[in-house]
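Asks: Next comes the sequence, and after it the predicted model I'd like to discuss.
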Amino acid sequence: MTLRLGTLRRGGSGGPGTVAVRVDDDAAVEIGPPDVGALLADPAWRGVAAAADGARHALADLPPRAWAPPVPRPGKIVCVGLNYRTHIREMGRDLPTHPTLFAKFPEALVGPYDPIVLPAHASGAVDWEGEVAVVVGAVVRRVDEAAAARAIAGYAVLNDVTMRDWQYRTPQWLQGKTFEATTPFGPWLTVADDGAPPAGELRTEVDGEVVQRTPVDDLVFGPAALVSYVSQVVTLRPGDVIATGTPGGVGHARDPRRYLAAGQVLTTTVTGLGELRNDVVAED
């Protein structure tokens with residue numbers, strides 16, 4: 001059975017505290033640490049998770065919003081722009097020779113079924129960007145790709161929801177990429193064998209309409225290459241997240257351009273990793 005690790009909110013959708021769980025076929029089994037990030041800090045995390053026999057929660061009884069982001073507060077969220085060939089072509093750019101990096105802050109993350117709240121002052125050009133997220137499972141610094149692959153704990157689904165009007169106010173993207181409570185992440189961490197990337201496809205839907213669909217191997221820079229590259233810049237630690245980029249089909253590249261609006265449902269799916277399903281709501 002594939003090992004899957006998640007973080008549950010103890011009070012269901014809004015109670016105090018969280019707990020790391022192993023996600024079995026029919027139940028979430030408590031492991032002990034407060035979240036998957038804390039679990040990954042233990043070098044023996046694989047064995048600890050596999051052997052856990054804590055309180056069991058039937059998956060059928062858990063409300064969707066019981067699930068928090070698997071790593072609620074990563075030390076680093078490094079994002080990669082222009083990494084799918086389809087997206088690079090639709091944006092009219094050449095294939096890069098080095099990864100394009102930017103950052104998000106932990107405050108941007110929401111759970112896999114939490115609402116995406118459109119801020120009143122920045123809701124005119126909110127775009128979808130379905131992605132595969134890499135979660136680091138060991139300390140890595142200046143490593144080659146082989147060592148980088150071994151340091152990958154696993155993968156999850158992420159949507160890099162972007163405020164395009166704020167992104168393009170300046171040549172620096174950060175301000176449009178890290179709006180608070182806009183980046184769904186989860187639903188859990190699917191543990192990888194030797195860092196092997198997921199197979200299959202990434203798909204994004206808006207109100208059931210497929211807007212992005214591509215094989216996940218369309219990446220210019222694969223997961224191990226990205227971990228290796230980022231490790232040349234800064235030490236990566238357990239629980240750090242690398243968002244590997246989005247494929248073609250974003251709303252900003254369409255003619256006419258399309259953006260998210262309150263009342264819509266954004267669904268992001270990656271074969272073998274699960275699905276995010278987020279209502280888009282207006283700020284009160």
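Replies: Yep, it's here.
Asks: Who does the residue most central in space within the chain form a beta bridge with?
Replies: Note on the chain: the residue nearest the mean C-alpha position is Leu158, at 2.7 Å, using C-alpha atoms, centre = their mean. Taking DSSP bridges as the rule, Leu158 bridges to Glu131, Phe185.
Asks: residues touching it, list them.
Replies: The contact partners of Leu158, by C-beta atoms under 8 Å, 6 or more residues apart in numbering, come to 130-133, 183-185, 241, 243, 268, 276. Yep, even glycine has a C-beta here, placed from its N, CA and C like the rest.
Asks: Val117 too?
Replies: So Val117 contacts 181-182, 281-283 (C-beta under 8 Å, 6+ apart).
Asks: quick one: which of those residues is most hemmed in?
Replies: Using other C-beta atoms under 10 Å as the neighbour test, the contacts of Val117 are led by Thr182, with 27 neighbours.
Asks: ok, now which ones touch that residue?
Replies: Residues in contact with Thr182, defined by C-beta under 8 Å, 6+ apart, are 108, 110, 116-117, 126, 161, 163.
Asks: on that earlier part again, now the residue nearest to the centre of the chain: how far from Ala282?
Replies: 23 Å (C-beta to C-beta, to the nearest Å).
Asks: what comes into contact with the helix or strand where Gln212 lies?
Replies: If you go by DSSP states H and E, Gln212 is part of strand 209-215. Residues outside strand 209-215 that contact it (C-beta under 8 Å, 6+ apart): 84, 86, 128, 130, 200-205, 246-251, 258.
Asks: Kindly recompute the last result at 6 Å.
Replies: The contact list for strand 209-215 (C-beta atoms under 6 Å, 6 or more residues apart in numbering) reads 86, 130, 201-204, 247, 249.
Asks: what's the answer for stretch 189-196, then?
Replies: Contacts of stretch 189-196 (C-beta under 6 Å, 6+ apart): 3-5, 36, 70, 135, 149-150, 152, 154-156, 224, 273.
Asks: Tell me the one of the residues you listed nearest Thr100?
Replies: Set against Thr100, the nearest of these by C-beta to C-beta is Ala224 (17.8 Å).
Asks: Check the secondary structure at Asp25 for me.
Replies: Judged by DSSP: H, G, I helix; E, B strand; the rest coil, the three-state class of Asp25 is coil.
Asks: any idea how far Val250 is from it?
Replies: Taking C-beta to C-beta, one finds Asp25 at 35 Å from Val250.
Asks: Between these two, which is the more surrounded one?
Replies: Set Asp25 next to Val250 and count neighbours by other C-beta under 10 Å: Val250 wins out with 24 against 7.
Asks: For that one, which non-adjacent residue is spatially closest?
Replies: Closest residue in space to Val250, ignoring its immediate chain neighbours: Asp127 at 5.4 Å, by C-beta to C-beta, 6 or more residues apart in numbering.
Asks: Contacts only, for that neighbour.
Replies: Going by C-beta under 6 Å, 6+ apart, the list of residues near Asp127 reads 162, 164, 250-252, 259.
Asks: Go through the helix-or-strand element of the chain with minimal mean pLDDT and flag the buried ones.
Replies: Ranking every helix and strand in the chain by mean pLDDT, DSSP states H and E puts helix 85-90 at the bottom, with a mean of 79. Using 16 or more other C-beta atoms under 10 Å as the test for burial, helix 85-90 gives 86-88, 90.
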